[in-house]
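Chemist: Let's see this in three dimensions:
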Amino acid sequence: VWENVTVHRMLRSSLRRGLQRWRLPSTVRWCSTERDQMPYDVVIVGGGPAGLSAAIRLKQLAAENNEEIDVVLLEKGVEVGSHILSGACIEPHALDELLPNWKKDGCPLTQKAGADTMRFLTQTGDYPLPIIPSMHNTGNYIGSLGELCAWLAEQAEGLGVEIFSGFSAREAVIDPCSGKMIGVATNDAGIGKDGTKKSNFEPGIELIGKQTILAEGCRGHITQSLIDRFNLAGPGQPSYGIGVKEIWEVDPAAHKPGTIMHTVGWPLKSDTYGGSFMYHYGENLVALGMVIGLDYANPYLRPYMELQRLKHHPLFKKTLRGGQCISYGARTLYESGITSQKKLSFPGGVLVGDCAGTLNLPKIKGTHTAMKSGMLAAESIYGKLFKGQEDKDSIESGINVEEYPEAFKKSWIYDELWKVRNYRMAFHKLGFYGGMAYCGVGEYVMKGREPWTWLNKIEDHETTGNVDKFKPIHYPKPDGELSFDLLTNLARANTNHNADQPAHLTVNDWAKQASEFERTSGPEQRFCPAGVYEYVENPETGAQDKLQINAQNCVHCKACDIKCKWVTWVTPENGGGPKYGTM
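Modeler: Residues are numbered from 1 along each chain as shown. Purely as a prediction, here's the structure:
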């Protein structure tokens, strides 16, 4: 495995050679003592389905018009797909539009969805529930979103997109004169844990573009940093969930390719939004997991242990018994949709994918909508800035591509999300059973025509209750066969961070941390699916109240950045994090 600094130097050398292909605009300078700068037409942050679809579509449009456009994509994972996690049952609508021959061109989506069930669980039993039309999976495919993204990356590179894997976009580059975004800067490499520069220090590189596409996924840190600057906040507060997932290799006798099962009910109580999934695909593979809304109140709840408990239910046990868990991971997701959608364009950039709130929650799908948003952004950017332009150097940086949000509202993605805009908020207002009833009426009667739109007014960190209002939850000890302790499963995420680097998880308000610990008894030590937050004995008081942050365990789910107001998450040193691949 290459050292980050070595790779950084290789990239820097490549960029210097690449300067021969461009004439630097006057706003871009080369500096040997500070950050070097590299000009592109479009800079994309994030190698998920949205960012890759945008890159592919930009290159397709340029080729259709016999033009050249320079597109670069930064992916913080060591390779495209290594930080990607999803269910995943994928609707191919957008894929059909983007790459019509995907089935013939080696796309890894080969498992067609088959039998589909929805169950309500009690502790020992289960009951069938009707499947609302949004959840029907006819024509969909089960597979690994990480593998799909790796394949999309191959298609993008084949079209001429430059992809730099293992390089994190650390911060936005803002033009000091205009105040517009003109690109992003990568992480510095070779900084010690104490913040000092080591002998192998290399400064980050600024990638300057006429337009920047932010495809960071849920709770992207650059997107978060721009909300106040460009007034991006949506009408309602975002509501998030955390998904915890495992992949199992099961006994062939228990494997039913294409089978899809979703559940609600046990082990969660009715005051907690969430449910589970189990998908059969591939060679005796089963993907299973739980999604739990981060607006839960009980500070004792542990999403990871809820999944471990779920696997002992007879409905799951009969499939998993005798099998082997081969992969584990976790990620947050943006549940509130367009009721809290940020502004999609701003001076110099656009938002696509999950950081733009494109998940269709009742459908339990977001890949097709993320891809479509990236395609719409690409078409709008190309049409506004590049189509018919013979002198690209004359194109102004920092333009607000307002055509993108207009195109978004005219597309099928907006129609799809508008119809279900109130579903998640229904659970806020009406409770679990009332929310279920509202979704049913919405699907069959209202179909998005209701004259009201419910907005979320409370952030997820505000919903955590006082610890004295709840009783501790006693989770069964993992048996090592169906259920596992956290550190055993964490090893299956293949997460890795250089120990000698500044922590990418920082406390921004110690007074707030202390008061919240007193009020809630540190729920971060329970909701974190990687054991990052731990309270150890305080040598001064003897109490178990000293916060210890094990940043090296982080799987980049970003739940702490959502559920704890006093935590700030940024990208770690280049290439750090999980290595999922098949998740």
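Chemist: Spatially, which residue comes closest to Val420, not counting chain neighbours?
Modeler: Spatial nearest neighbour of Val420, chain neighbours left out: Pro362 (5.1 Å); criterion: Cβ to Cβ, 6 or more residues apart in numbering. Heads up, the C-betas are built off the backbone N, CA and C, glycines and all.
Chemist: List the contacts of the one you found.
Modeler: Ile132, Ser134, Met135, Val420, Tyr423, Cys439, Glu443 (Cβ atoms under 8 Å, 6 or more residues apart in numbering).
Chemist: can you tell me which of those residues lies nearest to Ala491?
Modeler: Nearest to Ala491 among the contacts of Pro362 is Met135, at 33.8 Å by Cβ to Cβ.
Chemist: now the helix ranked longest in the chain, how far from the chain's geometric center?
Modeler: Criterion DSSP state H: the longest helix present in the chain is helix 423-441. With Cα atoms, centre = their mean, to the nearest Å as the basis, helix 423-441 stands 25 Å off its chain's centre.
Chemist: do the same with stretch 67-85
Modeler: For stretch 67-85, the distance to the chain centre is 14 Å (Cα atoms, centre = their mean).
Chemist: Kindly report the same for stretch 330-337.
Modeler: Mean-position distance between stretch 330-337 and its chain equals 7 Å (Cα atoms, centre = their mean).
Chemist: Sort out for me which of the contacts of Pro362 are in strands.
Modeler: Nothing among the contacts of Pro362 maps onto strands, per DSSP state E.
Chemist: Out of these, which comes closest to Lys579?
Modeler: Met135 (31.4 Å).
Chemist: which of the contacts of Pro362 lies closest to Leu207?
Modeler: Using Cβ to Cβ, these come closest to Leu207 at Val420, 36.4 Å.
Chemist: Tell me if I'm right that that closest one and Ser336 touch.
Modeler: No. With contact defined as Cβ atoms under 8 Å, Val420 does not count as touching Ser336 (11.0 Å).
Chemist: more crowded one of those two?
Modeler: Higher neighbour count among Val420 and Ser336: Ser336, with 28 against 22, using other Cβ atoms under 10 Å.
Chemist: Which pLDDT value goes with Lys563?
Modeler: Per-residue pLDDT puts Lys563 at 97.
Chemist: quick one: it and Lys112, what's the gap?
Modeler: With the distance defined as Cβ to Cβ, to the nearest Å, Lys563 ends up 37 Å from Lys112.
Chemist: higher neighbour count, the two?
Modeler: Lys563 (26 against 14).
Chemist: mind listing what the more buried one touches?
Modeler: Lys563 sits next to Leu294, Asp460, His461, Thr464, Pro523, Glu524, Phe527 when contact means Cβ under 8 Å, 6+ apart.
Chemist: Looking at these, point me to the pair that's furthest apart.
Modeler: Asp460 and Glu524 (12.7 Å).
Chemist: where are the low-confidence patches of the chain?
Modeler: Counting by pLDDT under 70, the ranges of the chain that qualify are 1-33.
Chemist: How far does stretch 248-265 sit from its chain's centre?
Modeler: 25 Å.
Chemist: quick one: Leu361 and Ile338 touch, right?
Modeler: No. Contact criterion Cβ under 8 Å: Leu361 and Ile338 do not qualify, at 10.9 Å.
Chemist: Just want to know which of these two has more residues nearby.
Modeler: Neighbours per residue (other Cβ under 10 Å) separate Leu361 from Ile338, with Leu361 holding more: 24 against 21.
Chemist: Distance check, the more buried one against Glu75.
Modeler: Taking Cβ to Cβ as the measure, Leu361 falls 26 Å from Glu75.
Chemist: burial count for Trp510?
Modeler: Count around Trp510 with other Cβ under 10 Å applied: 10.
Chemist: same question, Thr463
Modeler: Neighbour count of Thr463, defined by other Cβ under 10 Å: 15.
Chemist: The residue lying closest to it once chain neighbours are set aside is in what secondary structure piece?
Modeler: Sequence neighbours aside, Asp295 is the residue nearest to Thr463 in space, at 4.6 Å (criterion: Cβ to Cβ, 6+ apart). Here Asp295 is covered by no helix or strand, with elements defined by DSSP states H and E.
Chemist: My read is that Asp295 contacts Ile242, right?
Modeler: No. With contact defined as Cβ under 8 Å, Asp295 and Ile242 do not form a contacting pair (10.9 Å).
Chemist: Check which helices and strands the strand or helix carrying Asp41 is in contact with.
Modeler: Assessed by DSSP H and E, Asp41 sits inside strand 36-45. Secondary-structure packing of strand 36-45 (3 or more Cβ pairs under 8 Å, 6 or more residues apart in numbering; DSSP states H and E): helix 4-18, helix 49-64, strand 71-75, strand 181-186, strand 205-214.
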